[in-house]
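[1] Got a sequence here, can you model it:
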Amino acid sequence: MKNKKDIRFFPIFLGATVGVILEIVATVVDEVITGQLFADGAFAAVNLVEPLMFFEIFLAYLVAVGGAALIIRARGAGDREKMGEMFSQTLILCGSIAVILTAIYVLFTPGLTRLVADDPAVYEDALAYFKVIRFYPLVDMFDTFLFCYVLYLGGYLQFYTAIVFRIGLNAVLSWQLGQRMGLTGIAIASIISLLVAVLIKSTFLLTKKHGLKFRWYFNIREALEMARLGISESMLNVFIVLMELGINTFTLKNYAEAGVAAVAVVVDIFEFVLYLGEGITEYEIVAVNDSIGKDSRKGMDLALKVSKRAVVIEGLVLIGLILLLSGEIPEAFDIDSAETAGRATHMLMIFAPTAVFICLSRVTAIFYQYTQRVRRAIMMFAMFVVLMPVSLGMFFGSFALEGIVVGMAAGPAVSIMLMYGYVRLIRKEKLFDYTLLHLEG
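    This is a model prediction of the structure:
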């Protein structure tokens, strides 16, 4: 029997939003503690090693997001057996990828370290940190999946408890072990705290209602479907890196270090708005896939209505917050120069109105990701995160430093308008068209 309950917006929105904020805090604990305990060389070493872990994050999203989406579809259809199969296959894929990737890190540790830290001043510190953190995928692959699974199925108590414990334990252990073992201790603290978070989230699986029996199950076609559904959000991580690289390289070349410092504040706020948009898109993922599982046009219409309304509300709230805090944000980023801080404040005020378009663009891309339009989803992400902000930023930035931010602000708005023109004029569809799914109910 199909699950007939509508997906509630607020619990998922709040869980995802708070979860993202706490996850961001958790990821910067290492850097904060390192900066407090050690010299700048050690701090640089930790930051230099982080890109080596980027590929693991990409693969974790690829498997976990797609796997969780298929579980939600099966739940919407009332097919508990299929839920168990998708659950088991996702765990098998997480474990297999984690072991293979960790083996690669172990076999090529010195070479990979030199690839990112080929400087005697930072190499030894980077090597010491990477020798431990290379085992991170063995835990993080499962944590990423459980983040999606527990949140999507309503395990909010385990969800919040796990994140809070992770942050607190990481901070305490990083400080204690860092003093005794250096960067090795910092890395050990990260893995232990993440493992505790995984164990706490795993208690959700022990409940009779939400626990699914593990079995040895693997279907290559369904594995490819997981990857197809997860690829767009995985690529988002790549696009964020490309945006930072393009904007920072152009700014450094044309406006030196002071210009980079001012623009970097806006880039960080761009990413902050993008990450906060996850609260809406996580609801959208659950509601859209639940509607597909139920074969429900009514459910899909409701999911889109709620998502679009939430975009407007959240966008307006973020605009107000950015404008209100524009004078305080540069100080929070520890910009010492009064002139640079003043320019950053001015640029934040220019940037603020684009918050609505960032949220709308992300919701649109997620809708395409789960309605059999994956290429369109990837293009939407690419346009509003990289192509339009960077190209327009370079164009307007050739006239003035503030022009970079004008281009970044215009990027998401131009992207959604280009997609709307393509869909309406070339494809002859509505922007949010799901007729390809042939839903009946």
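[2] export stretch 89-106 as CSV, just CAs?
    Output of stretch 89-106 as CSV, limited to C-alpha atoms (Å, rounded to 0.1, in the frame of the first residue of the first chain):
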residue,chain,number,x,y,z
GLN,A,89,23.1,-1.4,-2.5
THR,A,90,23.9,2.1,-1.3
LEU,A,91,25.8,0.7,1.7
ILE,A,92,27.7,-1.7,-0.5
LEU,A,93,28.7,1.1,-2.9
CYS,A,94,29.7,3.3,0.0
GLY,A,95,31.9,0.6,1.5
SER,A,96,33.5,-0.4,-1.8
ILE,A,97,34.3,3.2,-2.9
ALA,A,98,35.6,4.0,0.6
VAL,A,99,38.0,1.0,0.6
ILE,A,100,39.3,1.6,-3.0
LEU,A,101,39.8,5.3,-2.5
THR,A,102,41.6,4.8,0.9
ALA,A,103,43.8,2.2,-0.7
ILE,A,104,44.8,4.7,-3.4
TYR,A,105,45.5,7.3,-0.8
VAL,A,106,47.7,4.9,1.2
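[3] The chain should start at 10 in everything you say after this.
    Renumbered: residue one is now 10, and that last one reads stretch 98-115.
[4] Would you mind listing the buried residues in it?
    Applying a neighbour-count criterion of 16 or more other Cβ atoms under 10 Å, the buried positions in stretch 98-115 are Q98, T99, L100, I101, L102, C103, I106, A107, L110, T111, Y114. C-beta: built from backbone N, CA, C; applies to glycine.
[5] Over to stretch 60-79?
    Quick answer for stretch 60-79 (16+ other Cβ under 10 Å): 61-62, 65-79.
[6] domain ranges for the chain?
    Domain assignment of the chain by automatic domain parsing yields the ranges 18-227, 239-446.
[7] could I get those domains as TSV with distance to L233 and mean pLDDT?
    Listed next are these as TSV, based on distance: least, Cβ to Cβ, whole Å; pLDDT from 0 to 100:
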stretch	distance to L233	mean pLDDT
domain 18-227	9	85
domain 239-446	10	91
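[8] Can you report how many residues neighbour G288?
    Using other Cβ atoms under 10 Å, G288 has 24 other residues around it.
[9] To clarify, my last question referred to P119.
    12.
[10] Nearest spatial neighbour of it, chain-adjacent residues omitted?
    L136 (7.0 Å; Cβ to Cβ, 6 or more residues apart in numbering).
[11] can you tell me which helix in the chain is longest?
    As assigned by DSSP state H, the longest helix anywhere in the chain is helix 229-285.
[12] ok now it, how far from the chain's centre?
    Here the centre of helix 229-285 is set off from its chain's centre by 10 Å, with Cα atoms, centre = their mean, to the nearest Å.
[13] Same check on stretch 390-403?
    18 Å.
[14] and Y292, what does it touch?
    I16, F18, I21, F22, A25, A312, V315, S316, A319 (Cβ atoms under 8 Å, 6 or more residues apart in numbering).
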